[in-house]
Each structure stands twice: as structure tokens, then as C-alpha cells.
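Engineer: Quick one, what's the 3D model for this:
(one chain, ligands or ions: 2)
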Amino acid sequence: METGAAERERAQQNARHEAGRLRAEGIRGIALTWVDNAGITRTKTVPTSRLAHAARWGVGMSPVFDVYTVDDSITTSRHIGGPCGDLRLFPDLERLTALAGQPGWAWAPVDRYTQRGEPYPACQRLFARRQTERALALGLEPRMGFETEWTVLRRDAPKPGSGEPGEPGESEEDAWETRYPDRGPAYGMARVVALSDYLGDVLGALLDQHVDVLQLHPEYSPGQFEVSTAPSDPVGAADLAVLVRETVRAVSARHGLAASFAPVVEVGRVGNGGHLHLSLWREERNLCRGGEGPFGMTADCQAFLAGVLRELPALLAVGAPSPVSHLRLEPSRWAGVFRCWGLENREAALRFITGAPGDPGGANAEVKCFDAAANPYLVTGCVIAAGLAGIADRLTLPEPVSGDPAERGDQPRLPTSAAEALERFERSGVLREAMGDPLFEAFAAVRRAEIELFASAAPQDAADAVRGRY
Ligand code: GLU
Ligand code: MG
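Structural biologist: Ligands and ions are numbered 1, 2, ... in the order given. Down below sits the predicted model:
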């Protein structure tokens, strides 16, 4: 986003025009969102008539949200914390979208600036943009896309284990079963039939918002579904992750359902991932294919992926940040808990996909260990930083792994706790340098506070505590 007064005035003009169009469509308010270091999407809304003012002068918001935790308690860090200070939120008008699941509302993500009009050093979205620009300066264009998995639950059903009245004589297991509006087979068509209107409305709302949906399907666990969207620039991919999630949430609410994007809803079952797909392009050529490296990768693609693989233990703190993330990260659940890569291997943290031979966009890599507790802007920015470090160091990939690493027993696990991942994160020079101290330390402080928050919680209690948060 441009920052000078002239650019702001142009944005104001543009916003006036957009606001007129939105008002004519019956849009009364605009939700301006950003995602904090706890992975929570926070918002200030403005009436449509104030959009132009927001585009010119920004909307105020405290920087203390950078040290908020998932339960809305507040920690502190070396550079950020305390009640003083203010920031300006500037909507990105290019993303302004009328929300099909929330009639009367539109949405735009924001970049955060200081009161003096400088880029706020801890703004996660500006961080993702800065990393993208570093890649572009090398002639490399990263394209990314998030998968969104979620679990739908009946909103009015009793909470399992809560002692709230369910059916007389109902066991805890039965209580869970009655919470899911759909209990058909994994990937079963019967589930699309059972929730036909709901899923049709999810798809319809996304399409009405011009989201380029690739797939919508039932997943493994009861009530679990997934939407995937076409790749775009990294900041755009993170924006889309927010838009898709809020759209699913809104449509679910209109159907009397609650959508949970938490890594795990019912402990012991397959959880919700937030896999990141990525490819690297140079002058409209996909560097994941047509090269001399493994499975046709070019040297740049290989070095980038090797950089991601090298940094993956630290990246896990960013991409699967919550202690609850580690309740999902179990072997043999397609959550990619082994630090290795493989061709089409759904148990490797890094899955390489060649796609159909003639499809230029088909080849890409998927980071499987991530989930939606992550801030998608931090994910895209940190993955680019790790990949670029791999290119700078001319890394190559180790041998690919085929088969289930859990059965082979020869591959290292990624960190198995949030504390171990945080320790790796704090030792990562690559991520510290890319993020800069204020963002790096505020993020680490939030991780530390959440580890403490759940230190003595029983697994299901921790999962329940975050179920409706992300
Ligand atoms: N739900 C699985 C996860 O936790 C992923 C299933 C899939 O590969 O789509 O990541
Ligand atoms: Mg999936």
C-alpha cells in the first residue's frame, strides 16, 4: 500500500466511489480486519459512509492487540505491550468485497501504520508484503494458496462432558455424536446430500464473492469439510484465507451451525489442517517443473523448498502455533508430522506434487503440518523468508521419502510440543531477521503465554477453550 499524502487522497477518492457503489447494493457497514499474533481475526467496522475517511486517515486501534492471546488475556513483550499508543488501520480497497454470507456487510483487510504514517514494524500483512517483495526483487514470484478445513457442529447441542442435559442416559461419546450434523462416511457423497443446502450456500457465497474455488469436499472426521482456492500472490492468499473462513462461519451461523477452524475439535480424531500450497514462478514459468532436479524441479525451486525444510521446526511455531495444534499433529493422520519431503506423500511435512504433465500450474509443494490457528500473513511471510534463505545458501533437498515415515521409523519428527517449537523459533536467525525484533518478540511472547495458559489443561479442555476462537 502506498503511504504518501497524495496516495492517501487518491485512495479517498477511490473509496468514495466504492462506497457509493456499495451503498447502492444495500451495504451498510464495512468490516476492516487484521489477524493478530494469536491467530485471531480482529476487526473494527465502519459505516459505508465512513469508508472514504478511513481510506484517507485510517481507523484507530491499539498496538496492544499484538500481545493478546487466544483467550483475550494480554501479555507483554520488549517492544510492544501496555495500554498506551495507537495505530492507524488502512483498508486495502483492492480487496473490498461485499459479503454474501452477511447481507448488508462488506469486508476489507487492513495494513497497519503508526500515527505518524509510517509502516508499523509489527504489522503482519506488511511483513508478508515485504517478504514477497524480497522474492520479486530476485525475479522470483511466489504463488500460494491455503486449504481451509473446518468442523461444523450444531449450535444448540449440549457440550460433551459439560454435565449439561443431553439425552437421558447419554454417554459422553453419544453427546459428541449428536453434536455433528453429519456423520456420513469419510469423503462420502452421502454427506454432501445430507448437508446439501448448507454446502450449496457455502459454495454460492464464495462464488458470489468471486472467490476462485477449486474444490469443496467432505473430509475424514464427522462434520469436517474442506474448501481449497486457486493460488494467488502471498498477501492475496492470506487475505483469501480470512475471507473464506469468515464466509464459512457466516453461512454456518445462518444455518444454525457453528463452524470450528480449531486444529482439533474432538481430541483423538483427525483434526483441521490449514495446508499451504506454494509454487515459485519466473517470467510466467513455473519453477516447480521443467528443471533438472528431483521430479522436474528447477534448482531455484529445490533450494527454496530445501530452505523451507531446514527451517520447518521453527516454522512450526508460526504455522501450527497453539498448544492445541499439537493435539492434531499425530502420525498417520495426514497432518505431516515428519520433517521430510516426498512425492505425493501425505505423511511428509512437505509434499511435492507434479500435477498433470501438461498443466503448467499443476506442480507445487504443500506444507501439510500447518493449521488455521496460524496467522496466514505470518505463515506466507515466514515461508518466503525460509525459502529465500535456502536459495541464498544454494541448498539441495535430501532424498525424498516414500511410504509412511511412522512405519519406516527412520525420519525425524517435527517438534512435538508448542514449547519445543517455540525454542526452535527463538533460535531461528532467519525468521528473527525477516520479522524484525518487535514482531518476532511480540509473537514469541504470545506463544509463551499460550503455553502457560494451557500448561495444566486436560487435552479436551484445551481444545474446547479454542474451539470457537479461530
Ligand atoms: N485433516 C488433515 C490434517 O489435519 C488433512 C487431510 C488432508 O490431507 O486433506 O491436516
Ligand atoms: Mg484436507
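Engineer: Might you list the low-confidence residue ranges for the stretch 101-250 of the chain?
Structural biologist: Residue ranges of the stretch 101-250 of the chain with pLDDT under 70: 157-173.
Engineer: Flag every residue of it that's near ligand 1.
Structural biologist: 149, 219 (CB under 6 Å from any ligand atom). To be clear about C-beta, it is placed using only N, CA and C from the backbone, and glycine gets the same treatment.
Engineer: Where do the helices of the stretch 101-250 of the chain begin and end?
Structural biologist: 124-137, 172-179, 189-194, 196-208, 234-254 (DSSP state H, counting those that start in this stretch).
Engineer: Can you tell me the element residue 23 falls in?
Structural biologist: helix 5-24 (DSSP states H and E).
Engineer: Would you mark the buried spots in that helix?
Structural biologist: 8, 11, 12, 14, 15, 16, 18, 19, 22 (16 or more other CB atoms under 10 Å).
Engineer: just to revisit the earlier point, and the helices of the stretch 101-250 of the chain as JSON lines, adding mean neighbour count?
Structural biologist: Converted to JSON lines, the helices of the stretch 101-250 of the chain look like this (neighbours: other CB atoms under 10 Å):
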{"stretch": "helix 124-137", "mean neighbour count": "20"}
{"stretch": "helix 172-179", "mean neighbour count": "16"}
{"stretch": "helix 189-194", "mean neighbour count": "15"}
{"stretch": "helix 196-208", "mean neighbour count": "17"}
{"stretch": "helix 234-254", "mean neighbour count": "23"}
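Engineer: now those in a markdown table, with distance to residue 297?
Structural biologist: Listed next are these as a markdown table, based on distance: least, CB to CB, whole Å:
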| stretch | distance to residue 297 |
| --- | --- |
| helix 124-137 | 17 |
| helix 172-179 | 43 |
| helix 189-194 | 36 |
| helix 196-208 | 32 |
| helix 234-254 | 20 |
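Engineer: So which of those is nearest residue 428?
Structural biologist: Taking CB to CB, helix 124-137 is the member of the helices of the stretch 101-250 of the chain nearest to residue 428, at 14.2 Å.
Engineer: which two of the buried residues of helix 5-24 lie the greatest distance from each other?
Structural biologist: Farthest pair in those, by CB to CB: 8 and 22, 19.9 Å.
Engineer: Look at the nearest residue to residue 443 once chain neighbours are set aside and tell me its secondary structure.
Structural biologist: The shortest distance from residue 443 to any non-neighbouring residue, by CB to CB, 6 or more residues apart in numbering, is to residue 37 (4.6 Å). Three-state call for residue 37 (DSSP: H, G, I helix; E, B strand; the rest coil): coil.
Engineer: Count residues in the vicinity of residue 37, would you?
Structural biologist: By the criterion of other CB atoms under 10 Å, residue 37 has 28 neighbours.
Engineer: Quick check, it in contact with residue 66.
Structural biologist: Yes - contact criterion CB atoms under 8 Å: residue 37 and residue 66 qualify, at 5.6 Å.
Engineer: Need the overlap of contacts for those two.
Structural biologist: 442, 446 (CB atoms under 8 Å, 6 or more residues apart in numbering).
Engineer: phi, psi of residue 269?
Structural biologist: phi -100, psi 170 (degrees, to the nearest 10).
Engineer: what number of residues lie near the nearest residue to it once chain neighbours are set aside?
Structural biologist: Of all residues not flanking residue 269 in the chain, residue 221 sits nearest, at 4.7 Å (CB to CB, 6+ apart). Neighbours of residue 221 under the rule other CB under 10 Å: 20.
Engineer: go on, residue 4?
Structural biologist: Neighbour number of residue 4 under other CB under 10 Å is 9.
Engineer: quick one, what contacts whatever residue of the chain ends up closest to ligand 1?
Structural biologist: Nearest to ligand 1, among the residues of the chain, is residue 273, at 2.4 Å (CB to the nearest ligand atom). Residues near residue 273 by CB under 8 Å, 6+ apart: 147, 149, 263, 328, 334, 335, 368, 370, 371, 372.
Engineer: distance of the last one from residue 264?
Structural biologist: To tie it back to what came earlier, the one meant is residue 372. Applying CB to CB, to the nearest Å, the value for residue 372 to residue 264 is 11 Å.
Engineer: shared neighbours, the two?
Structural biologist: Joint contacts of residue 372 and residue 264 (CB under 8 Å, 6+ apart) are residue 272.
Engineer: got the contact list for residue 383?
Structural biologist: 144, 276, 278, 308, 315, 319, 367.
Engineer: re the thing from before, does the residue nearest to residue 269 touch residue 150 like I think?
Structural biologist: No - between residue 221 and residue 150 there is no contact, the gap being 10.5 Å when judged by CB under 8 Å.
Engineer: Not counting sequence-adjacent ones, nearest residue to residue 336?
Structural biologist: residue 368 (2.9 Å).
Engineer: measure residue 218 to residue 405 for me?
Structural biologist: Applying CB to CB to residue 218 and residue 405 gives a distance of 27 Å.
Engineer: How about residue 78?
Structural biologist: Here residue 78 is placed at a distance of 38 Å from residue 405 (CB to CB).
Engineer: same deal with residue 114?
Structural biologist: Residue 114 sits 46 Å away from residue 405 when distances are taken as CB to CB.
Engineer: neighbour count winner among the two?
Structural biologist: When residue 114 is set against residue 405 and neighbours are counted by other CB under 10 Å, the residue ahead is residue 405, at 24 against 16.
Engineer: Show me the helices in the stretch 301-450 of the chain, by range?
Structural biologist: 325-328, 376-392, 405-408, 418-426, 429-435, 437-453.
Engineer: Ok, which of the ones you listed comes nearest residue 230?
Structural biologist: helix 376-392 (15.3 Å).
Engineer: any idea of the mean pLDDT in the closest one?
Structural biologist: Helix 376-392 shows an average pLDDT of 98 in the prediction.
Engineer: Show me which residues of the stretch 301-450 of the chain are close to ligand 1?
Structural biologist: 328, 333, 334, 335, 346, 368.
Engineer: Now pLDDT and neighbour count too, for the residues you listed, in a markdown table please.
Structural biologist: Listed next are these as a markdown table, based on pLDDT from 0 to 100; neighbours: other CB atoms under 10 Å:
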| residue | pLDDT | neighbour count |
| --- | --- | --- |
| 328 | 98 | 25 |
| 333 | 94 | 18 |
| 334 | 94 | 16 |
| 335 | 97 | 27 |
| 346 | 93 | 15 |
| 368 | 98 | 24 |
